[in-house]
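> no sequence for this one, just the structure:
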């Protein structure tokens, strides 16, 4: 990847998980899985290493012959299930990047007080001047991929989400607050998602990722989903997708940090028993391997470039969405479900 010697190159994945949000789920498995991930992806032929062991051997770890070392950076706190917390945090994570994906290893730096030069073109609610990151957390200067993990409910399968939407978030968050975005906001240049399409998809080839993932875990029920639930999970996913979309628009497609939507969302089952967390952790490790392998393969074939048709005028997109918006779905809270199946 890039012109840097492979021995000094890394593929960096940032992972987030959520905190608890209902009394019946005192532990959120998305965070329990994320917090236990190794600092580097372990070799495929060996059992998964614990974080301390993996970190000690970080520089020497390779996942297979075709991959550089895959570094896993876990955001050190569970993300609060709160609309405004997510709306502020997600853009700041992306804007911490100082280097383009796939151009070699870069030292991290504390960027909590800095503001990207292009920040002026986006609303202040997404600025990098919000409250600092947690003590001791150094955001990666380059992120090849972001993986958000969330809990989907009492089921056994794992879903990779394909698409997220900017509307339909009708359920209150953990602090009993509603999102309160209105249709009129979408035509306001000050709106944080102004100009973004009503629905956005990742640029990651999820079909290819799923095939690789299933090959590594043939006994697991692994799927691609078209419905992320219209709650904080989908809201977080859209926040990432929309921020990358808008950054790319502002740069007229010329900033490689934002040209491609390198973000994935995984829904995991609600069970938080130790054996289920361990199983989920192993599956996420293999998912990260599949994601990295798919992205590296796409770079080699030139398939990783963002479609040129998506670079355009944000006002045109906003007008189109206002003219074509369908009625907003209402998330079902029946039977304790916060997601809309």
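Yep, that arrived. These numbers come from a predicted model, not from an experiment.

> all strands for the stretch 151-300 of the chain, in order.
Assigned by DSSP state E, counting those that start in this stretch, the strands in the stretch 151-300 of the chain fall at 158-161, 163-165, 199-201, 222-225, 263-269.

> among these, show me which one is buried the most.
strand 263-269 (a mean of 26; mean count of other CB atoms under 10 Å). Using the backbone N, CA and C atoms, a C-beta is placed for each residue, glycine as well.

> sheet partners, orientation included, of it?
Taking DSSP bridges as the criterion, strand 263-269 sits next to strand 145-153 (parallel), strand 158-161 (antiparallel) in its sheet.

> what's the distance between the closest residue to residue 86 other than its chain neighbours and residue 215?
Among residues not flanking residue 86 along the chain, residue 236 sits closest, at 5.1 Å (CB to CB, 6 or more residues apart in numbering). The spacing between residue 236 and residue 215, counted by CB to CB, to the nearest Å, is 28 Å.

> also residue 84?
40 Å.

> neighbour count winner among these two?
residue 84 (14 against 10; other CB atoms under 10 Å).

> surely the more buried one is within a helix?
Yes: membership of residue 84 in a helix is supported by DSSP: H, G, I helix; E, B strand; the rest coil.

> what pLDDT does it get?
pLDDT, residue 84: 97.

> over to residue 237?
In this prediction residue 237 is given a pLDDT of 99.

> so what's it up against?
148, 161, 164, 228, 263, 265 (CB atoms under 8 Å, 6 or more residues apart in numbering).

> and these, which is closest to residue 67?
Taking CB to CB as the measure, residue 67 lies nearest residue 263 of those, at 19.4 Å.

> list the contacts for the closest one?
So residue 263 contacts 145, 146, 147, 148, 202, 204, 237, 240, 241, 244 (CB under 8 Å, 6+ apart).

> mind running it again at 7 Å?
Contacts for residue 263 (CB atoms under 7 Å, 6 or more residues apart in numbering) come out as 146, 202, 240, 241, 244.

> among those residues, which lie within helices?
240, 241, 244 (DSSP state H).

> pretty sure the last one sits against residue 256.
No: checked against CB atoms under 7 Å, the pair residue 244 and residue 256 is beyond contact range at 11.6 Å.

> neighbour count winner among those two?
residue 244 (26 against 17).

> from residue 266, how far off is the more buried one?
18 Å.

> just the helices in this protein please.
Using DSSP H, helices in the chain cover 29-35, 51-56, 83-95, 206-216, 232-250, 274-301, 314-324.

> right, so of the ones you listed, which gets closest to residue 66?
Per CB to CB, nearest to residue 66 of the helices of the chain: helix 274-301, 6.5 Å.

> still on that earlier bit, residue 191 is nearest to which of the strands paired with strand 263-269?
strand 145-153 (22.0 Å).

> list the contacts of that closest one.
13-18, 25, 28-30, 33-34, 159, 233, 236-237, 240, 262-270, 284, 288, 291, 295, 337, 339.

> circling back to that earlier point, I figured the residue nearest to residue 86 hits residue 90, correct?
Yes: using CB under 7 Å, residue 236 makes contact with residue 90 at a distance of 6.3 Å.

> ok, residue 29 - contacts?
151, 268, 269, 270, 271, 272, 276, 277, 280.

> now it: closest residue in space that isn't a chain neighbour?
residue 272 is the one closest to residue 29 (CB to CB, 6+ apart), at 4.6 Å.

> same check on residue 267?
Nearest non-adjacent residue to residue 267, counting by CB to CB, 6+ apart: residue 152, 3.6 Å away.

> what is the burial count for the residue nearest to residue 137 when sequence neighbours are not counted?
Excluding the flanking residues, the one nearest residue 137 by CB to CB, 6+ apart is residue 76, at 4.9 Å. Per other CB under 10 Å, the neighbour tally for residue 76 reads 13.

> ramachandran coordinates for residue 76?
When quoted as degrees, to the nearest 10, the phi and psi of residue 76 stand at phi -70, psi 0.

> surely it and residue 134 touch.
Yes: in this structure residue 76 lies within contact range of residue 134 using CB under 7 Å: 5.1 Å.

> among the helices and strands of the chain, which has the poorest mean pLDDT?
helix 314-324 (a mean of 43; mean pLDDT, DSSP states H and E).

> return the distance of stretch 193-208 from the chain's centre.
12 Å (CA atoms, centre = their mean, to the nearest Å).

> buried sites along that stretch?
Residues of stretch 193-208 classed as buried by neighbour count (16 or more other CB atoms under 10 Å): 193-198, 200, 202-206, 208.

> any idea how far the residue nearest to residue 29 is from residue 280?
Distance from residue 272 to residue 280, by CB to CB: 9 Å.

> between these two, who's got more neighbours?
More crowded of residue 272 and residue 280, by other CB under 10 Å: residue 280, with 24 against 20.

> list the contacts of the closest residue to that one other than its chain neighbours.
The spatial neighbour of residue 280 that comes closest, neighbours along the chain excluded (CB to CB, 6+ apart), is residue 33 at 4.5 Å. By CB under 7 Å, 6+ apart, the contact list for residue 33 reads 17, 149, 268, 277, 280, 281, 284.
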